[in-house]
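[1] Return a 3D structure for these sequence lines:
(chains A and B)
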Amino acid sequence: MDKSNLKNQQSGEPRNESRRGFLKQSAVLTGVALTPAVALKAAENQWDEKLAEALEKIPLKLEVNGVSKSLMVEPRVTLLDLLREQLHLTGTKKGCDYGQCGACTVHVNGNRVLSCLTLAVMQDGQKITTIEGLAEGEKLHPMQDAFLKHDGFQCGYCTPGQIMSAIACIREGHADSAEEIREYMSGNICRCGAYPNIVDAIVEVKNGGKKV
Amino acid sequence: MIQFQYTRATEARMALDAISKDQSSMFIAGGTNLVDLMKRGIVTPERIVDISRLPLNKISYEGKVLKIGSLALNSTVAENKLVQHKHPLLAQALNAGASAQIRNMATVGGNILQRTRCHYFYDTSLPCNKREPGTGCGALEGFNRMHAIFGFSDKCIAVHPSDMSVALLALDATVLVEGSKGQRRIPFGDFHRLPGDKPEIDTNLLPGELILGVEVPDNGFAKNSHYLKVRDRASYAFALVSVAAALQIEKKVIKDARIALGGVAHKPWRLAEAERSLIGKPVSEASFQQAALLAMQGAKGFKHNEFKLKLAPNSIVQALKVASRMV
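    Residues are numbered from 1 along each chain as shown, chains lettered A, B, ... in the order given. This next block holds a predicted model:
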């Protein structure tokens, strides 16, 4: 990614100048089959950049960690990429990006889902909670405390997903035994093998009786 | 992911209209399979029609039939008291599939329609008649540990990956669909198809048709059913072999039986002859062994999946034993 794109992304502004040029070029060259009809048409007709942009991007309203966001997204952007690249909430991790590892787990309206397999546009109007939304100021969420206390991680890459999943696991009522926790946490893979400590952390929070 | 246009449907008619206008458009609901396939360039719709907000997520019981809307989430169905009470086999099969996160996203309709997880289908650099008709079947002479032992063709030996569908087949479910010509009901056993010469077509759903829901009739199996899933790890893996077993038992005699297998064919695999063999028999390991023997008639293994020829009958016996509470 070049610097101008990065800059535009950080300001939250569209970053279309170079891409539109690419589309025009690729329509003439080899990219025809790979480029959607609507974009090709816009490129062929040399429509105003903003018009083409409007055709490609869709308005999206989300509440992310209690803050309302009005955004414009391409339909192909996943919730994970929107969170990380557009909102810069990089706590949610991209592990496999194919729904196999659980590192991207977030809550949508309180339910745990995989943000990598969710198109952001499909979540219009929903409430998203990420790992960044758990702590209250300096005060960590009880599950975050428990992961620290029980050493529920080594490298830490899967941890945000583990914690989001762990909270949901208790809320769903599937944390009544270590066996049940293991089954209902099976969608979160930990390459470091911190599983026993993760289970211990969840058991403690569950038995602690605090609202999660 | 290749760019596409996005339409959000707010009623079924709107969704059907949107899909009928464009050959390359596809419905999306939970997205857990389609987004994955689109990222890998295996399917490349020019338009997706978002049906996730259609009012098709109700679970109700009318006229001795449990009706489950196609957009009911897998987790919602698995946790539903009516489902757990009337058809525990279905709840058990749902909970054996995927992970808690995916079950919170995946819908009933999407679960039925999910594509095979055959590595050759998923890897666009390898040949696959299902993904690209005419390129050959890579699995036939390749790495075929996960593959079919029943109903395959020389064009395709892939298996259907759904657990829920195996239970729905055993429970004599019906799929309710709507298309431009109106609604129709498809018995679950006729919904999926065998690969034959057209492995690219998974089901008998017609282009432009929308699944409205599934219907499960009352039965006498609630007390004695079991879904057994055998896989490479304890959870969150596709089945090597799975068994949906359901028995109706009176005074230790089998009055009725249902057995369906997953992980062994291009569609969930019903074992009608084995079922019939159990009727009137005592609940015993011998009865179950005999049924398992009948079940395996016509099975054929490939280089890496011959173990399924033993695993499947053993799993059938074990599932029947658990269902009948022998173990």
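[2] tell me which residues in stretch A:68-88 are buried?
    Buried residues in stretch A:68-88, counted by 16 or more other Cβ atoms under 10 Å in any protein chain shown: A:71, A:73-87. Quick note: C-beta positions are derived from backbone N, CA and C, even for glycine.
[3] what ranges do the helices span in the chain?
    This is for chain A. For chain A, the helices defined by DSSP state H occupy A:3-10, A:17-28, A:37-44, A:49-56, A:79-81, A:142-149, A:159-171, A:178-184, A:195-208.
[4] think we crossed wires, I meant chain B
    Going by DSSP H, chain B shows helices at B:12-20, B:34-39, B:74-79, B:81-86, B:88-96, B:100-103, B:108-113, B:119-122, B:164-170, B:188-191, B:272-278, B:285-295, B:308-323.
[5] quick one on the thing from earlier: intersect the buried residues of stretch A:68-88 with the contacts of chain B.
    When contact is defined as Cβ under 8 Å from any Cβ of the partner chain, the buried residues of stretch A:68-88 meet chain B at A:E74, A:P75, A:R76, A:T78.
[6] Leaving out the residues flanking it, which one is nearest to the second one?
    By that I understand A:P75. Sequence neighbours aside, B:Y6 is the residue nearest to A:P75 in space, at 3.6 Å (criterion: Cβ to Cβ, 6 or more residues apart in numbering or on different chains).
[7] if I read this right, that neighbour contacts B:I48, doesn't it?
    Yes: between B:Y6 and B:I48 there is a contact under Cβ atoms under 8 Å: 5.9 Å.
[8] returning to what we had before: show only the entries of the buried residues of stretch A:68-88 found in strands.
    Using DSSP state E, A:L71, A:V73 are the members of the buried residues of stretch A:68-88 that sit in strands.
[9] contacting residues around the spatially most central residue of chain A?
    Taking Cα atoms, centre = their mean, the centroid of chain A lies closest to A:L80, which sits 2.5 Å from it. The contact partners of A:L80, taken as Cβ atoms under 8 Å, 6 or more residues apart in numbering or on different chains, are A:T92, A:K94, A:D97, A:C104, A:S115, A:C116, A:T118.
[10] same check, this time on B:P127
    So B:P127 contacts B:Y120, B:T135, B:G136, B:C137, B:G138 (Cβ under 8 Å, 6+ apart).
[11] picking up where we left off before, would you reformat the ones next to chain B among the buried residues of stretch A:68-88 as TSV and include pLDDT?
    Output for those, formatted as TSV (pLDDT from 0 to 100):
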residue	pLDDT
A:E74	96
A:P75	97
A:R76	97
A:T78	98
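[12] Could you report the neighbour count for the residue nearest to A:P75?
    With neighbours defined by other Cβ atoms under 10 Å in any protein chain shown, the count for B:Y6 comes to 19.
[13] do the same with A:Q144
    Residues near A:Q144, counting by other Cβ under 10 Å: 21.
[14] what do you get for A:V67?
    10.
[15] again, but for B:S70
    Neighbour tally, B:S70, other Cβ under 10 Å: 27.
[16] wait, isn't it in contact with B:E209?
    No: the pair formed by B:S70 and B:E209 falls short of the contact definition of Cβ under 8 Å, at 11.3 Å.
[17] Show me which residues of the stretch 51-200 of chain B sit near chain A.
    Going by Cβ under 8 Å from any Cβ, the residues of the stretch 51-200 of chain B near chain A are B:S52, B:S75, B:A98, B:S99, B:A100, B:Q101, B:I102, B:N104, B:M105.
[18] Contacts only, for the closest residue to B:E11 other than its chain neighbours.
    Distance criterion Cβ to Cβ, 6+ apart; nearest residue to B:E11, sequence neighbours excluded, is B:L54 at 6.6 Å. B:L54 is in contact with B:A9, B:T10, B:E11, B:A12, B:A15, B:L71, counting by Cβ under 8 Å, 6+ apart.
[19] check contacts around residue 148.
    Assuming you mean chain A. With contact set as Cβ under 8 Å, 6+ apart, A:L148 has these partners: A:L140.
[20] right idea, wrong chain: chain B
    When contacts are counted by Cβ under 8 Å, 6+ apart, B:A148 touches B:I157, B:A158, B:V159, B:V264, B:A265, B:H266, B:N305.
[21] For chain A, what's the nearest residue on chain B?
    B:S99 (2.4 Å; Cβ to the nearest Cβ).
[22] State the number of residues packed around residue 63.
    This is for chain A. By other Cβ under 10 Å, 14 other residues sit near A:E63.
[23] think we crossed wires, I meant chain B
    8.
[24] so A:M164 touches A:C104, yeah?
    No: between A:M164 and A:C104 there is no contact under Cβ under 8 Å: 9.2 Å.
[25] thinking again about what came up before, and the residue nearest to A:P75, how far from A:V113?
    Computed with Cβ to Cβ, to the nearest Å, the distance linking B:Y6 and A:V113 is 19 Å.
[26] picking up where we left off before, joint contacts of B:Y6 and B:I48?
    Counting by Cβ under 8 Å, 6+ apart, the residues touching both B:Y6 and B:I48 are A:P75.
[27] For stretch B:4-23, buried residues please.
    B:F4, B:Q5, B:Y6, B:T7, B:R8, B:A9, B:A12, B:A15, B:L16, B:A18, B:I19.
[28] These into JSON lines, with extra columns for pLDDT?
    JSON lines is the format used below for the buried residues of stretch B:4-23 (pLDDT from 0 to 100):
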{"residue": "B:F4", "pLDDT": "94"}
{"residue": "B:Q5", "pLDDT": "94"}
{"residue": "B:Y6", "pLDDT": "95"}
{"residue": "B:T7", "pLDDT": "95"}
{"residue": "B:R8", "pLDDT": "96"}
{"residue": "B:A9", "pLDDT": "96"}
{"residue": "B:A12", "pLDDT": "93"}
{"residue": "B:A15", "pLDDT": "95"}
{"residue": "B:L16", "pLDDT": "95"}
{"residue": "B:A18", "pLDDT": "91"}
{"residue": "B:I19", "pLDDT": "93"}
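[29] All set, thanks.
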